[in-house]
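Asks: Could you look at this predicted model? Sequence included:
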Amino acid sequence: MLNRIIIMGRLARDPELRHTQTGTPVASFRLAVDRDFRDKNTGERATDWIDVVAWRGTAEFASRFLGKGRLAVVEGRLQMRDWTDKDGNKRTSAEVVADNIYFADSRREGEGGGSYSGNSYGNNRDRGDFNRAPAPDYGIPSGDDQFSELADDDGELPF
């Protein structure tokens, strides 16, 4: 079975860091994710408000480095949660359980830079590389046309 989700959006509020009774850190926040298409009548994009939960080192990273308005990429799994509201009605909520969180804006727009991957060190999720950034996108096209012959190649390396 496969349950992977990757979303990118802006934080609707600062992450809320709590601890379980055993002391395990857990952070929750909400991402505002714009849809890819525009409404035919208004020309505006609809926004989905997606709840995210992060545990252990990923939770600490989120609470320390993310804030309201910050653009972030969250990679994880979709989880459905059943609960009962104050009127006794059964409800179901969807949330993303974050495995990895990456900054998606520049350092000028926010503070710091980098990412946290909860799986960086196998099962020890309390350790992490707070300065490892995602692979840069150099604008190289995908497909068969990504390489072309250089007309004036002198054989020298530029470094």
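Replies: Good, I have the coordinates.
Asks: Can you list the strands that the one helix or strand Ile101 maps to pairs with?
Replies: Using DSSP states H and E, Ile101 sits within strand 90-103. Its sheet considered, strand 90-103 pairs with strand 45-55 (parallel), strand 71-84 (antiparallel), strand 115-117 (antiparallel) by DSSP bridges.
Asks: Just the mean pLDDT for the last one, thanks.
Replies: pLDDT averaged over strand 115-117 equals 50, rounded to a whole number.
Asks: likewise the longest one?
Replies: Averaged over strand 71-84, pLDDT sits at 94.
Asks: Give me the residues contacting it.
Replies: Residues outside strand 71-84 that contact it (CB atoms under 8 Å, 6 or more residues apart in numbering) are 3-11, 31, 52-53, 66, 90-105, 109-110, 134. C-beta coordinates here come from the backbone N, C-alpha and C atoms, glycine included.
Asks: For that strand, which residues meet the burial criterion?
Replies: By neighbour count with 16 or more other CB atoms under 10 Å, strand 71-84 contains the buried residues Leu71, Ala72, Val73, Val74, Glu75, Gly76.
Asks: And the second one, how close does it get to Gly57?
Replies: Which is Ala72. 16 Å (CB to CB, to the nearest Å).
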